[in-house]
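**Student:** quick one: sequence and predicted model below, then my questions.
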Amino acid sequence: MAWPLRRREHPLPEDMAQWPSVDVFVPSYNEELSLVRSTVLGALDLDWPADRLNVYILDDGRRKAFHEFAVEAGAGYIIRAENNHAKAGNLNHALAVTDSPFAVIFDCDHVPTRGFLRRTIGWMMADPNLA
């Protein structure tokens, strides 16, 4: 934050129909809904075509209030039968049941800036070895 990068964005295709879909994962286990809510709402407001933006709460706590919030907000809700391998297992499970070519992970207390995808996905499209 003290010395921000002055890196330019890599241009996305002019035709938005060529923009890829992106899965945004917000993993949670025992955090309060009030904390997760801000991150999910921020992710849903990312500047990206709505038909190519998939935001998911990955709820290892299997909480009814989280499911209800996801439905109300328009986010996906993913749970798994067992909590093997903690957060890594949660993310691996989500990757196995979703299919966008790009996945973004925001910890449940990190609200994304609206332009995050526009600033990053162009570079990822230009260099398939970039992660």
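**Tutor:** All right, it came through fine. Numbers count the residues shown, from 1 in each chain.
**Student:** could you use CA atoms for every contact and neighbour count after this?
**Tutor:** Fine.
**Student:** ok, F116 - contacts?
**Tutor:** By Cα atoms under 8 Å, 6 or more residues apart in numbering, the residues touching F116 are L46, D47.
**Student:** number the chain from 811, please
**Tutor:** In the new numbering, first residue 811, that becomes F926.
**Student:** look up how far W933 lies from it.
**Tutor:** With distances taken as Cα to Cα, to the nearest Å, F926 is found 12 Å from W933.
**Student:** and the strands in the protein?
**Tutor:** 832-838, 863-869, 886-888, 912-915 (DSSP state E).
**Student:** now those in CSV, with mean neighbour count, mean pLDDT and distance to E878?
**Tutor:** Shown next, in CSV, are the strands of the chain (neighbours: other Cα atoms under 10 Å; pLDDT from 0 to 100; distance: least, Cα to Cα, whole Å):
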stretch, mean neighbour count, mean pLDDT, distance to E878
strand 832-838, 24, 98, 15
strand 863-869, 23, 98, 11
strand 886-888, 20, 98, 9
strand 912-915, 15, 97, 21
